[in-house]
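J.: sequence and predicted structure below; questions after.
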Amino acid sequence: MAGRLLRASSAIALVLVAVIVVFYAGERRQIAPVRHQDAAIDVVAVARAPKPEPTRLLPPLVGATYMGDNWPKNFVNAFRRENVVADFARMRRDGFNAVVLLVSWGDFQPVFDPCCTYDERAFERLDFLVGRANDAGLDVVLRIGYGWTFQPDAGDVGVRIHRLLNEDEARDAFFAYASRLGEIARRHANVRLSLLTWEDLILHTIDGDGRKDFRQFIDSLPERDPLRASAASTPELPQRDGPRVALFNAYWDWLLMQKIFKPAAARIPNLSYEARVDSEPLPHTDADGKVEYEWIGHESTYHPPGADAIALYWAPFWGAQNQGEQLDAEQSLQLFTALLDKVRQHSGELPIFIDQLNVIDNTLGFERNAALRPAALPAFMDGAYCVMREAGVFGYAYWTTQDYAESPLYNPSFSYRLDGWKLSVADGAEPESRLQARPSGDFDLRMSPGDRLRQIIPERRGRLPTTNAEEHLSAHVCVSARAGARAVVEVSAGAAPVRLKLGGSTTGQVCSKIQTRSRNDTELDLEIHDVSGAALLTNVKLYDHIQQGGLYQFDGKEGVLLASLRRLNQRFAKADTTLASSHREPGEDSNARTHKVEPVRDGDAREPCGPR
């Protein structure tokens, strides 16, 4: 899930060397070694720490990010409305009471210069999801400004974010987009929280347009601040990978808080911020050639101006050695506790929302990241309840309930009709005539003999699917069609085609391995040719990797973590529910609901923590 996130630790037990990793919207890559602090964290001691005062953020949020069965990068244009009710009902059965929705800037406002062109289809689909969530009894968290988009008019994601962080005109457009989202949040009372995240706002370079903001930042520093001397040492602007990286990062943190978050919070109600909880390494080599590291943190963003909550992310590799080790439950709980303790210390004990909880993670290229031993999962999940509750965590969102294929197709379910596709119709009919509207508002695409459906996949959408045994990649194509008439289609992706038999007695997905060949590593040409028969297509996927979360597999079967997460959800959702009068059943009008919070009392009935 443009940009990358560093995941490391500067607050962990033992002096070890680990690996900072970059995580951006589901994508990670190795960056540099990471240290641990000297003092171990006693989980029991933290559990006995004073409980934070309750806030309006009750009852506890127990959520998951919703993508249907799609890649988060193309979720907005990919989900089918006809599946949403069943998906949300399953979330409720699994103990979730909230859903996180990714609101990509480029999908909603594809053209920001000149300001502004909106894609009203995206706003309508978001409104639909928030409404269906309310019908299911689910609260909503909006992740504002999600970085990735496949919208053809949106341009390069990296350029978009660079201009946002350097140019006033781009910010004005972003704030116009934020204002429209604020209207949706105010219209739906089940929108409990919105958040920006540094993952979507990575500063790579300060250019000439950003110089005036940099000067304002320097002027805001205390007179004796060492960063002032660093800035005065040369007229050149600091670089992300240069010797003045501490100055660069301090400016980035200030920029996000003062120039992005603060104005956005004036437009979007209940806005929070996912803080960067890693420290960046700055190596120093002494005269003997020994390398030591200075660690540059981002603690100044842990208490965003005016916010009454802070968000963060977590996965088992945070703070671990990341040498391929498997952790037991106690080790992971210590690392988890250390992270929460660090955030509490530097945020003034703001209530915490973990917007990306990743317990199982198989991101490509990170096979050496630390992972929980499979046998340790139940014990970890039991312990995580106590660690989170006692650290002031008022909610969490699991990253994905459904394993998803990383398929870089735009509009793969024809939600936007034939946008992004080229359909050549054998009988000369208008291509749009092949679309069949469903009562749900979705569209099916009718393919007849001789028809050819094509999409060019540009490299800017990320990795182009391929087969590479060394990297454990195997390209696959999946085509979903409705039950009924049978058809045979040939699918090619720049190489030899494969044949798929569609339709028949059941609606479903037919998959096959496929060879792919890109054009100069810049684009991939996918074509579906109807050889015989007719079929109603509902979805197409082309991928070489399936991202796992451990709850529901790609084929819908239950995963190894589901039972443990259901138990955690059940326990956490009822924690402190006696403090709030905002319980809502599915179908209840969210506009009639209020949140009433009363002080915690020693006699409150809550599930105890401790050895189980």
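T.: Ah, there it is.
J.: what number of residues lie near residue 174?
T.: 26 (other C-beta atoms under 10 Å). C-beta: built from backbone N, CA, C; applies to glycine.
J.: residue contacts, it?
T.: Shown in contact with residue 174 (C-beta atoms under 8 Å, 6 or more residues apart in numbering): 105, 109, 112, 145, 164, 260, 264.
J.: dihedrals phi and psi, the third one?
T.: Residue 112 has phi and psi values of phi -110, psi -10 when expressed as degrees, to the nearest 10.
J.: quick one: it from residue 169, how far?
T.: 8 Å (C-beta to C-beta, to the nearest Å).
J.: higher neighbour count, those two?
T.: Neighbour count, other C-beta under 10 Å: between residue 112 and residue 169, residue 112 has more, with 24 against 14.
J.: quick one: what helix or strand has the closest residue in space to that one that isn't next to it in sequence in it?
T.: Closest residue in space to residue 112, ignoring its immediate chain neighbours: residue 173 at 3.6 Å, by C-beta to C-beta, 6 or more residues apart in numbering. Here residue 173, judged by DSSP states H and E, is contained in helix 168-187.
J.: can you give me the helices for the stretch 101-250 of the chain?
T.: 105-108, 120-135, 157-164, 168-187, 211-220, 226-232, 245-255 (DSSP state H, counting those that start in this stretch).
J.: what's in contact with the last one?
T.: Okay, so that is helix 245-255. With C-beta under 8 Å, 6+ apart, helix 245-255 has contacts from 165, 203, 206, 210, 213-214, 217, 220, 227, 230-231, 238-240, 242, 280, 282, 294, 296, 298, 300-301.
J.: what does the first one give?
T.: In this structure, residues lying in contact with helix 105-108 by C-beta under 8 Å, 6+ apart are 76-77, 112, 118-119, 122-123, 126, 145-149, 151, 154-155, 157, 160, 174, 177, 180-181, 200.
J.: at 6 Å what do you get?
T.: For helix 105-108, contacts defined as C-beta atoms under 6 Å, 6 or more residues apart in numbering pick out 76, 122, 145, 149, 151, 154, 177.
J.: what do you get for the second one?
T.: Contacts of helix 120-135 from elsewhere in the structure, counted by C-beta under 6 Å, 6+ apart, are 76, 84, 99, 101, 107-108, 140, 188, 190, 416, 587, 590.
J.: okay, the angle between it and helix 168-187?
T.: Relative orientation of helix 120-135 versus helix 168-187 (axes from the mean of the first three to the mean of the last three C-alpha atoms, to 10 degrees): 30 degrees.
J.: can you give me the buried ones in helix 120-135?
T.: Neighbour counts over helix 120-135 (16 or more other C-beta atoms under 10 Å) mark 121-123, 125-126, 129-135 as buried.
J.: state the mean pLDDT of it.
T.: Mean pLDDT, helix 120-135: 98.
J.: likewise for the last one?
T.: In this model, helix 245-255 has a mean pLDDT of 96.
J.: and what of the fifth one?
T.: Helix 211-220 shows an average pLDDT of 96 in the prediction.
J.: give me the contact list for it.
T.: So helix 211-220 is contacted by 206, 231, 251, 254 (C-beta under 6 Å, 6+ apart).
J.: which helix or strand contains residue 342?
T.: Using DSSP H and E, residue 342 falls within helix 329-347.
J.: who are the packing partners of that helix?
T.: If you count contacts as 3 or more C-beta pairs under 6 Å, 6 or more residues apart in numbering; DSSP states H and E, helix 329-347 packs onto helix 43-47, helix 377-390.
J.: mind running it again at 10 Å?
T.: If you count contacts as 3 or more C-beta pairs under 10 Å, 6 or more residues apart in numbering; DSSP states H and E, helix 329-347 packs onto helix 43-47, strand 310-314, strand 326-327, strand 352-357, strand 371-372, helix 377-390, strand 393-398.
J.: show me where the stretch 351-500 of the chain has strands.
T.: For the stretch 351-500 of the chain, the strands defined by DSSP state E, counting those that start in this stretch occupy 352-357, 371-372, 393-398, 404-405, 422-424, 435-437, 443-447, 452-458, 476-481, 484-492, 498-504.
J.: okay, now the sheet partners of the first one, with direction.
T.: Right, strand 352-357. In the sheet, strand 352-357 lines up against strand 310-314 (parallel), strand 393-398 (parallel) (DSSP bridges).
J.: dump those strands into JSON lines; add mean pLDDT as well.
T.: Listed next are the strands paired with strand 352-357 as JSON lines, based on pLDDT from 0 to 100:
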{"stretch": "strand 310-314", "mean pLDDT": "95"}
{"stretch": "strand 393-398", "mean pLDDT": "96"}
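J.: how close does residue 77 sit to residue 431?
T.: 18 Å.
J.: show me which of these two is the more surrounded one.
T.: Neighbours were counted for residue 77 and for residue 431 using other C-beta under 10 Å; residue 77 has more, 25 against 16.
J.: now that one, nearest residue through space, not along the chain?
T.: residue 411 (4.9 Å).
J.: can you give me the neighbour number for that neighbour?
T.: Using other C-beta under 10 Å, residue 411 has 22 other residues around it.
J.: so which of the strands paired with strand 352-357 gets nearest residue 450?
T.: Closest approach to residue 450 among the strands paired with strand 352-357 is made by strand 393-398 (45.4 Å; C-beta to C-beta).
J.: quick one: that closest one to helix 329-347, angle?
T.: On the basis of the same axes, to 10 degrees, strand 393-398 is oriented at 120 degrees to helix 329-347.
J.: and the angle for strand 393-398 with helix 377-390?
T.: Following the same axes, to 10 degrees, one obtains 140 degrees for the angle between strand 393-398 and helix 377-390.
J.: so how far is strand 393-398 from its chain's centroid?
T.: Put simply, strand 393-398 sits 14 Å off its chain's centre (C-alpha atoms, centre = their mean, to the nearest Å).
J.: noted, bye for now.
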